[in-house]
Structures are given as structure tokens and as C-alpha cells.
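J.: The sequence and its predicted three-dimensional model are supplied below.
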Amino acid sequence: MIDITLPHNGWTPRPHQRRLWNYLRNGGKRAVAVWHRRAGKDDVALHHTAMSMIERPGNYWHMLPEFTMARKAIWTAVNSHTGKRRIDEAFPLELRESTNEQEMFIRLKGLGGHSGSTWQCVGSDSVTRGSGIGSSTAGIVFSEFALANPSAWAYYRPILEENNGWACFVSTPRGRNHLLSLYNHARSDPAWFAELLTAEDTGALTPEALAEALREYTALYGLDQGRSSYLQEYFCDFAAAVLGAWFGHECKALRDEGRIVEVEALEGQYVHRSFDIGVRDDTCVWWWQMQGSQLCILDCYSASGVGIEHYAEVIEQREAEHGWLHGHDYVPHDAKVKEWGTGRTRVETMQSLGLRPLLVPMASMQDGINAVRRTLPLCVFHPRCEPGIEALEQYRREWDDEKKVFRASPLHDWTSNYADSFRYLSQAWRYAPSRPVEERRLTTGFVIPPPAEPRRGSIQL
């Protein structure tokens, strides 16, 4: 018989890790740890998970923002101090029944008549595809939650509540987004653990190491962006600009100027909508109305895995709730492509459901980005748009780690649908009619408004 001690490989929490470790090991269920880069966030979480798997048989996940990121950051990652894989340090080979490299899945041997616990690396991007929903999970680590799909917690929270499971959120900041909101909630709720640790707080890095990190960031990203990234990564600065963000400056001005207020729609004027109709049925809708020289953004909604009928119902419900006048639906050009199975275009499907689709003028991605940059300074957002604002703040260019440059293309993640839909809004609002024109009665007895007067650059269906 082989004796195995956990935590394995002689691992013990460092002084700055003990508060989180003790909270989790004493049965804590909800923890938010905003720690600086290289503070050992994932190590604490991995070793706690390993011990939980022995104490309570069940399914456990370590969730990164993307599945590919999980493989790189956790599954194949090697501890530079020991030369061993991090998962091998946390989950001893002697305790395993099986290891699936492809699925990043580990099953432990059954103990005491129980079947063996399982652990798996997953990505929050799977939430948009419905993968994993319904799984009976006893514990989830949300690693780098600031970059994750915020819907992940909404999906899996009921499962953990039902199973009396635990959730641990470990991350460095990425702007004033859902991580900050969750951290502030945890600080105000006695049932939660909340901690923010900078490199100065932990002493985990020497002054020389920090100075070298600052030089590297500056060399890579320039003086301003490099210092901003350094403060974000090592001093947990929520106000620092997100690296490579397309609209960071405009979104910062939006918050600094207090343009997130409870604005309401004007009666008798259209409230229009812009749609992003993406792949795998991912769709986002923004509601908006022109009020003088300001563009009032009234609401936003995003979902996946449902048809256009669902969004028509949501639109009807919100119009009834707020008394909004049913305007037009601005959609991308691919909405006129016929779908497999029905033989109808998305435009025709929308029309059959009482929506009023109009195609947005054709434009390149860069022209659309510039349109957003010109539009945001004119906008006032209702607070219920906060998920969309966070997405615009984090929508960023893709980083090429080999060439050490930003690619011209945006990174495709949970922010993309919000940003794409807002691009269409930015390209459409100048051509949108503000109110109905005088109606005319046809011989059939139906009252149908005449078509809005065409404006230069608009495209009629």
C-alpha cells in the first residue's frame, strides 16, 4: 500500500495565500480572490480541489475563459520551480483511475465504496454552446474570471446551490467589469470571502523582478499602455485600460462624464433595435432612440441557442413593459441569405414575426470600428445596459504572442456579439426615422404606415 499525502508534493500555502486557503478548507462556499500575476491563485485552487475530491466524491471543474486557454494555462503548464506539470503536483498519478489528455479529464480511484471523483478543465466559452449545462458539479474554480463569459456564473450557480457546492473566483482585473461587480458584492456579503492583493501586499516578487516586469511591458506595448498593463497585472488596478481595447478611451470617457443614467424613451418616437445575428444562434440586441443631439441607449440583451422567435417575444415584452413605440430592426447583410431547412431568409422570418428589419449599409470592419468610436461620445446609456458596456470596454484586438504584435482582427469571445451589434447601431442611427409619418387607410380597412422617406445611404428591403 502506498501512502499519499495531500496537499501533494510537499505543497503548503505561502503566507499571503493562507487566508483564502483557510477559508476554503474550513468549508467556505464562495470566494473572490483578486490577486496579482504570479501570486499562485491557481495553485491554491488546484490543491483545494484535490482535497475536496477525496473528502466529497463529485464532479469538479477548473474553468478558464476559453477551452484553449485552459489547456495552456493549467493542463500542460509546468511549474518552473519543480519542473513538474501543475496537475501532476495537485492530483497524484497514484490516485488516478484514468487520465484523458484530449478532454483534459481526470478520474480518481473510488474510495470507501464511492465512485471516483472527476476533475476537468473547461472553458466559459462553452456556455454559449450549452455544453456542460445540467452537469452535477460539486465545485468550480473560475480562473481569470475577468476575461470569462459572465453568463457562466449565472448558468452554474443554481447547480452549485442545489448540490451545496463551492465556487472560487480567482483573477487579475481587466477594467471595471463583472469581476469588479462580483468583488464589491463579496465585500458586502458576510457569506463571501473577498480579498485584493497587490505585489506590494504579498511581497511575492522582489523590487528587481517588478522593475524588470515594468521594462518588459513598456518595451512590448509602449510607455503608456505598458505602464497601464503593469499596474493592472501587478497592482490590481481596475481603472487601467484593457490591453488592446478598441473602445477603451471612449468607454472611460463614458464613465468619467457620468453618461450612465436612468434615461427614458420619449413618447411618440420610435425605439429602434440593432441585431447581431451570429453563428451558432448567438444573437445580441440593443434598443436605442435619438433624442435631439444625443443617442439614448435604453437596453441590451444577448442569448444563444434559441431562434428569432425568442427575440421577438423579448422585444414584445420589453415594449409592453416600458411603453416603447415599435421601431425598426437593423440587421447585417447576411440576414438576407436563405437558411437551410426553411428556404427563407432571416429577414423574411423576422417579418413574419412582426419585426421590421432593414439592412445596415455595407462597411468594412475598420469602418464599423470607426463608426462606433464616433458614436460613443454621443451616447447616454441606461444602467440596465451595463453588461453591454462591459463588453464594449473589453472588446479588443487579438494578440499574436509569437510576433509580439496586435493583429488587425478582433479577438472573438463573449464580447463580440455585443460589439458587432453596436457596430450595426453605429452605422444605422443617422438614417433611422425618429417618428411615424402620417398614416393612410387602404381600401382593405387595414391601417398601414407608408414607407419612411428614404435617406441617403440607407438600403430598403
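T.: Now that the structure is in, tell me what you want to look at. Numbering: from 1, shown residues only.
J.: For the residue nearest to residue 214 when sequence neighbours are not counted, the count of nearby residues, please.
T.: Take residue 214 and drop its neighbours on the chain: the residue closest to it by C-beta to C-beta, 6 or more residues apart in numbering is residue 230, 4.9 Å away. Where you see a C-beta, it was placed from the backbone N, CA and C, and this is true even at glycine. A count of neighbours around residue 230, defined by other C-beta atoms under 10 Å, yields 22.
J.: mind checking the SS state of residue 179?
T.: Classification of residue 179 using DSSP: H, G, I helix; E, B strand; the rest coil returns helix.
J.: got any ranges where the stretch 301-450 of the chain has weak pLDDT?
T.: Within the stretch 301-450 of the chain, the stretches with pLDDT under 70 are 338-343, 401, 404, 437-450.
J.: where exactly do the strands run in it?
T.: Listed in chain order, the strands of the stretch 301-450 of the chain (DSSP state E, counting those that start in this stretch) span 325-331, 357-359, 379-381, 397-400, 405-410, 440-441, 447-448.
J.: Relative to residue 176, tell me which of those strands wins on proximity.
T.: The stretch from the strands of the stretch 301-450 of the chain with the least distance to residue 176 (C-beta to C-beta) is strand 379-381; that distance is 13.7 Å.
J.: Return the residues in contact with the residue nearest to residue 214.
T.: By C-beta atoms under 8 Å, 6 or more residues apart in numbering, the contact list for residue 230 reads 213-214, 217-218.
J.: Go again with 10 Å.
T.: Applying C-beta atoms under 10 Å, 6 or more residues apart in numbering to residue 230 gives the contacts 37, 199, 210, 213-218, 221, 237, 240.
J.: Also residue 290?
T.: 266, 269-270, 272, 296, 378, 429-430, 432-435.
J.: does it sit in a helix, a strand or a coil?
T.: What three-state DSSP gives for residue 290 is strand.
J.: any idea how far it is from residue 84?
T.: For residue 290, the distance to residue 84 equals 60 Å [C-beta to C-beta, to the nearest Å].
J.: Residue 284 now?
T.: Residue 284 sits 43 Å away from residue 84, going by C-beta to C-beta.
J.: Counting neighbours, go ahead and name the busier of the two.
T.: The residue with more neighbours, out of residue 284 and residue 84, is residue 284; 27 against 11, by other C-beta under 10 Å.
J.: My understanding was that that one contacts residue 395; is that so?
T.: No: using C-beta atoms under 10 Å as the test, residue 284 is too far from residue 395 to be in contact (11.8 Å).
J.: Name the residues contacting each of the two.
T.: 415-416, 418-420, 422.
J.: if we can go back for a sec, most neighbours among the contacts of residue 290, please name it.
T.: Sorting the contacts of residue 290 by how many neighbours each has (other C-beta under 10 Å) puts residue 272 first, at 26 neighbours.
J.: what residues are up against residue 386?
T.: Contact analysis of residue 386 by C-beta under 10 Å, 6+ apart lists 176-178, 181, 260, 300.
J.: Going through the residues you listed, which one is the model least confident about?
T.: Within those, residue 176 has the lowest pLDDT, namely 83.
J.: Was I right to think that residue contacts residue 245?
T.: No: look at residue 176 against residue 245 with C-beta under 10 Å: they stay out of range, at 11.9 Å.
J.: any shared contact partners between these two?
T.: Common neighbours of residue 176 and residue 245 (C-beta under 10 Å, 6+ apart) are 251-252, 393.
J.: Neighbour count and distance to residue 53 added to the residues you listed, as TSV?
T.: Shown next, in TSV, are the shared contacts of residue 176 and residue 245 (neighbours: other C-beta atoms under 10 Å; distance: C-beta to C-beta, whole Å):
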residue	neighbour count	distance to residue 53
251	23	41
252	16	43
393	24	37
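J.: Can you lay out those residues as TSV showing distance to residue 314?
T.: TSV is the format used below for the shared contacts of residue 176 and residue 245 (distance: C-beta to C-beta, whole Å):
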residue	distance to residue 314
251	25
252	30
393	24
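J.: Among those, name the ones in helices.
T.: 251-252, 393 (DSSP state H).
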